[in-house]
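Colleague: Structural data only, the sequence is not supplied:
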């Protein structure tokens, strides 16, 4: 699959509300911190609304990582209100149904990405499950349970973060890879500040 990393376009104005669900304030989440339901697979279009919502809660977003299986174009830099978000991608280390969001605060959000074409009932259920601290399933398991399918086959290709050997196995191995990626990204240097998150879901 060909993945474009830069695109010289100006993003169109996204719809005014972001469909986001985060784990309750003060709760210790499972493998996911919540869910995001974008309206398309265009990061230039969708990310500004997500950034505006999260910036208010726990600090300005500085970077994101995604899996190219779900995003046809991954720009290196995404302009949002007042600043630029740097984007990267990798396959074997990150569940294809997640976006990892990093801010100036020493924190990372690992969000389930609900496919844009999902109907509202199924999307609401996925967002609720992803934000439930008691639910320890990985993103692909949640999607598979909802759709009756499985995660797409991943290719051993990575960028932006150091790559790791791609182990073979089932959901347990996928969960281990997700945890490795979380721990690795959490070690990135960020300024020592703090912020908190709250939960919401708006369609």
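Modeller: Yes, it's here. Small disclaimer: the values here were computed from a predicted structure and weren't measured.

Colleague: Quick check, residue 22 in contact with residue 32.
Modeller: No. Using C-beta atoms under 8 Å, residue 22 and residue 32 do not qualify as a contacting pair, with a distance of 9.9 Å. C-beta coordinates here come from the backbone N, C-alpha and C atoms, glycine included.

Colleague: Can you pull the residues that touch both of those two?
Modeller: By the contact definition C-beta atoms under 8 Å, 6 or more residues apart in numbering, residue 22 and residue 32 are jointly contacted by residue 131.

Colleague: All the strands of this structure, in order from the start?
Modeller: Counting by DSSP state E, the chain forms strands over residues 20-22, 34-36, 61-66, 77-80, 83-89, 98-103, 108-113, given from the N-terminal end onward.

Colleague: out of the ones you listed, which comes closest to residue 48?
Modeller: The minimum distance between residue 48 and those falls on strand 77-80, with 4.4 Å, by C-beta to C-beta.

Colleague: contact partners of that closest one?
Modeller: By C-beta under 8 Å, 6+ apart, the list of residues contacting strand 77-80 reads 6, 10-11, 43-44, 47-48, 51-52, 61, 64, 84-87.

Colleague: Show me which residues of it are buried.
Modeller: When burial is assessed from 16 or more other C-beta atoms under 10 Å, strand 77-80 yields the following buried residues: 78, 80.

Colleague: partners of that strand, with directions?
Modeller: As defined by DSSP bridges, the strand partners of strand 77-80 come to strand 83-89 (antiparallel).

Colleague: wait, which of the strands of the chain is closest to residue 123?
Modeller: strand 34-36 (8.4 Å).

Colleague: in its sheet, what does that closest one sit against?
Modeller: Applying DSSP bridges to the sheet, strand 34-36 is found paired with strand 20-22 (antiparallel), strand 108-113 (parallel).

Colleague: will you turn the ones you listed into a markdown table that also has distance to residue 140, mean pLDDT and mean neighbour count?
Modeller: Converted to a markdown table, the strands paired with strand 34-36 look like this (distance: least, C-beta to C-beta, whole Å; pLDDT from 0 to 100; neighbours: other C-beta atoms under 10 Å):
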| stretch | distance to residue 140 | mean pLDDT | mean neighbour count |
| --- | --- | --- | --- |
| strand 20-22 | 18 | 93 | 25 |
| strand 108-113 | 9 | 94 | 24 |
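
Colleague: Kindly reformat those as TSV containing distance to residue 130.
Modeller: As requested, those are arranged in TSV below (distance: least, C-beta to C-beta, whole Å):
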stretch	distance to residue 130
strand 20-22	7
strand 108-113	4
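
Colleague: how about the helices in the protein?
Modeller: Assigned by DSSP state H, the chain shows helices spanning 43-58, 120-130, 139-147, 171-186.

Colleague: Tell me which residues of the first one come out buried.
Modeller: Neighbour-count burial for helix 43-58, counted by 16+ other C-beta under 10 Å, picks out 43-55, 57-58.
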